[in-house]
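Undergrad: Got a sequence here, can you model it:
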Amino acid sequence: MLHPLASLWDLARLAPVPLPALLPLSTPTFMGQVVALIGACTVIAYLCQRVRIVPIIGFLLAGVLLGPNALGVVRDMEVIDAVAEVGVILLLFTIGIEFSLEKLARIQRFIFLGGGLQVGLCVAAVALLLMALGVPWRAGVFTGCLIALSSTAIVLKILADRSETNSPAGLVSLGILIFQDLAVIVMMLLVPLLGGTGGTAAELLWALARAGGLIVLVLLVARRIMPRLLEAVARTCSPELFLLAVVAICFGTAWVTSLAGVSVSLGAFIAGLLVSESRFSEHAMGEILPLRILFSAAFFVSVGLLLDLRFLAAHLPLVLGVVAAVLLVKTVTTGAGALTLGQGTPVAAAAGLLLAQVGEFSFVLERAGRAVGLHPAGRADIGGQAFLAGSVVLMVLTPLLAAGGMRLQDLLLRRRAGGAALAAAAVGEPFDAVPIEGPAASFEGHVLVAGYGGAARPLVRALRGAGIPFVILTLSPTGADEATAEGMVVLPGDYSRLHLLQLAGVERARLLLVADDEPARTHHVVSVARMANPALTIVAHTRLTGEAAALREAGADRVVADELEGLSRLFSDVLQAYEVAPAEVEAQVEQLRTQGELASLPAIAREGTALLPGKVFQLSDQERATRRCGHAGQAREVTARAAGCEECLASGDTWVHLRVCLSCGHVGCCDSSKNRHARRHFEETEHPIMKSAERGESWSWCFVDRTEL
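TA: Alright, predicted model coming up:
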């Protein structure tokens with residue numbers, strides 16, 4: 001019998017099978033290549049991030065550097081291609097989630113008019129140009145389809161980083177990108193026909209009709225079955241089970257549609273639409289996003305692997321010619337789409353340069369065309385490499401082109417004369433009805449309540465009574481139902497995911513309260529939120545006093561225990577952070593101690609609002625000098641008429657922020673407040689400009705031109 005402390009050598013000597021035989025003698029042949037590729041991607045993407053270049057460019061460069069045409073570290077293309085295919089499926093799936101039928105309906109004019117004109121003009125221009133050079137029309141149309149598409153991933157990343165997603169150029173670009181993504185579906189069906197392997201036009205129409213019928217069937221399922229299915233899975237409150245269900249929906253739908261003769265890419269998009277109809281669509285996005293990032297990186301790496309640096313060096317004039325031609329065609333056709341939407345030349349120029357690159361789906365389309373004998377410009381020898389090299393160069397140049405487009409827009413605006421005409425040229429048609437961010441898009445300085453359990457509920461009631469804006473994030477469908485029924489802003493999903501925190505406006509929030517019962521998730525939420533917003537005040541609630549040190553190390557500013565005194569301090573911390581009068585805070589804390597629960601607060605005036613009566617507000621010289629508003633002349637020096645929102649004070653209601661009318665001195669509440677009396681005052685009086693009455697803020701806003709001064 002072996003002693004419990006027998007050495008490993010004794011065990012090995014007595015074992016019937018030699019110990020080395022139990023250990024693997026070799027590693028998979030592709031393992032070294034994968035490790036080298038992932039390591040290079042990480043390093044290059046880090047360097048790109050440091051110099052403010054989109055990480056996608058780093059993935060492309062990593063593929064170019066380590067590919068068979070450069071250092072030759074990666075040679076097993078089959079593995080990379082398989083992973084890249086998964087990346088395309090996940091990319092289209094997440095685009096389907098982001099679309100949603102409601103969003104498609106709201107921005108249909110931007111999509112179908114602006115996007116349709118851009119794609120149609122681009123395909124026609126490229127085809128006619130190539131036909132004039134002797135290229136067959138089939139190859140010309142195919143090449144036009146390749147060039148018409150822009151990179152959704154790169155463009156939206158640039159817009160998000162610059163906080164310009166809501167700008168006129170950003171909204172025009174968004175509409176065109178959505179149409180391009182939809183057009184990929186038709187283009188994929190066109191490729192076999194153009195290659196001579198897809199049968200007749202009647203067969204193409206039948207394929208389109210079959211795809212359309214499938215989409216209609218899926219939409220019916222989306223409205224009736226999918227929300228109930230995801231609801232049942234979400235009620236388990238298990239992130240692991242929810243992730244498995246979402247992945248199964250994605251790949252299962254893609255596989256079923258492929259059996260009907262539709263591409264797996266289209267099937268993945270349809271699966272995304274299925275999920276988008278559920279209220280847990282953002283939860284699904286948060287779960288699938290890390291996988292999409294990983295596999296999409298593999299897709300861009302696979303594109304870089306195809307680029308031959310020797311070809312680029314030997315045919316540099318040709319590649320530069322391709323870059324110049326694509327840049328010209330894309331800028332002109334995108335600008336035409338923007339002008340058709342009623343936007344001015346400055347916006348058209350900015351959007352044109354922003355979308356001047358070739359998109360990721362162009363590579364998917366080029367690969368499908370290569371399989372049926374289609375090549376860019378009809379050149380099987382150099383067409384593919386010239387297109388690939390030009391596309392990679394344009395992707396790398398996109399951040400510079402985007403910055404140049406914005407500078408060009410400002411230059412054109414400065415050269416225009418007449419304030420009102422210039423503002424109209426910059427803004428164009430109203431985009432107020434096109435929300436493209438989360439439900440907390442208009443919130444700033446608000447509270448994020450992560451978890452809606454017993455500790456959070458009384459505090460939420462207090463926040464509501466004090467007029468402090470907040471967003472609830474919860475994994476519990478029951479809790480989400482309760483909060484929604486009471487008119488609160490709720491985001492159901494796993495709030496330990498960065499995606500959901502960003503939708504809730506973590507970058508603009510002032511305080512995060514983590515009230516989760518699971519210590520591991522609390523720790524993770526604190527870490528992710530601290531990374532997303534270093535200035536955020538984080539208060540963590542825990543049932544275990546031993547977790548306090550770990551939570552502080554993760555980034556929590558304050559940790560409170562699950563006890564009455566701890567809840568009292570938590571309540572006090574939150575209200576004092578929002579400058580509620582100390583006397584009011586102490587009174588409420590005392591009420592908590594005596595009653596044993598947090599009572600709803602009455603309307604509490606913010607400390608300092610009593611200074612408003614008699615305070616003078618006016619436009620600064622810098623605000624009057626702005627060229628984007630033609631109504632600065634109507635603003636005058638005014639005196640605030642009340643200590644708070646006049647209508648709210650009269651009715652005993654609450655507000656979030658205060659605004660002062662620069663025509664009459666009326667004090668009203670902001671758009672984040674439930675009554676929006678500042679905007680109502682503008683609608684009733686047509687007084688155009690109001691100024692923030694909050695301490696530390698000096699900005700003004702023109703309601704007519706919808707611009708900040």
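Undergrad: what distance separates stretch 114-127 from the middle of the whole chain?
TA: 27 Å (Cα atoms, centre = their mean, to the nearest Å).
Undergrad: in that stretch, what counts as buried?
TA: Neighbour-count burial for stretch 114-127, counted by 16 or more other Cβ atoms under 10 Å, picks out 114-123, 125-127. In this view, the C-beta of every residue, glycine as well, is placed from N, C-alpha and C.
Undergrad: cool, stretch 315-329 as well?
TA: So stretch 315-329, judged by 16+ other Cβ under 10 Å, has buried residues H315, L318, V319, V322, V323, V326, L327, V329.
Undergrad: Closest one of those to C664?
TA: Nearest to C664 among these, counting by Cβ to Cβ, is L327 at 51.0 Å.
Undergrad: so the closest one touches A356, yeah?
TA: Yes - at 5.0 Å, L327 counts as touching A356 under the criterion of Cβ atoms under 8 Å.
Undergrad: got any residues that touch both of these two?
TA: Common contacts of L327 and A356 (Cβ atoms under 8 Å, 6 or more residues apart in numbering): L394, L401.
Undergrad: Grab the longest helix from the chain for me.
TA: Secondary structure of the chain per DSSP state H: the longest helix is helix 383-415.
Undergrad: tell me which residues in that helix are buried?
TA: 383-399, 401-402, 404-406, 408-409, 412-413.
Undergrad: can I assume L341 is in contact with G114?
TA: Yes - counting by Cβ under 8 Å, G114 is a contact partner of L341 at 4.7 Å.
Undergrad: Report the set of residues contacting both of these two.
TA: With Cβ under 8 Å, 6+ apart, L341 and G114 have common neighbours V172, G175.
Undergrad: Return the distance of V184 relative to L159.
TA: Distance, V184 to L159, using Cβ to Cβ, to the nearest Å: 20 Å.
Undergrad: Tabulate the buried residues of stretch 315-329 (CSV), appending distance to L174, secondary structure and pLDDT.
TA: Shown next, in CSV, are these (distance: Cβ to Cβ, whole Å; DSSP: H, G, I helix; E, B strand; the rest coil; pLDDT from 0 to 100):
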residue, distance to L174, secondary structure, pLDDT
H315, 35, coil, 89
L318, 33, helix, 92
V319, 30, helix, 91
V322, 27, helix, 92
V323, 25, helix, 93
V326, 21, helix, 94
L327, 21, helix, 94
V329, 21, helix, 94
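Undergrad: per-residue pLDDT, the closest residue to Q502 other than its chain neighbours?
TA: Using Cβ to Cβ, 6 or more residues apart in numbering and skipping residues adjacent in sequence, the residue nearest Q502 is A532, 6.9 Å away. A532 carries a pLDDT value of 80.
Undergrad: which ones are touching A532?
TA: L498, L501, Q502, V506, E507 are the contacts of A532 under Cβ under 8 Å, 6+ apart.
Undergrad: Among these, which lie within helices?
TA: Per DSSP H, these map to helices at L498, L501, Q502.
Undergrad: ok, and the most crowded of those?
TA: Within those, most neighbours by other Cβ atoms under 10 Å means L501, with 28 neighbours.
Undergrad: List the residues that contact it.
TA: Contacts for L501 (Cβ under 8 Å, 6+ apart) come out as L448, L473, Y495, V525, V528, A529, A532.
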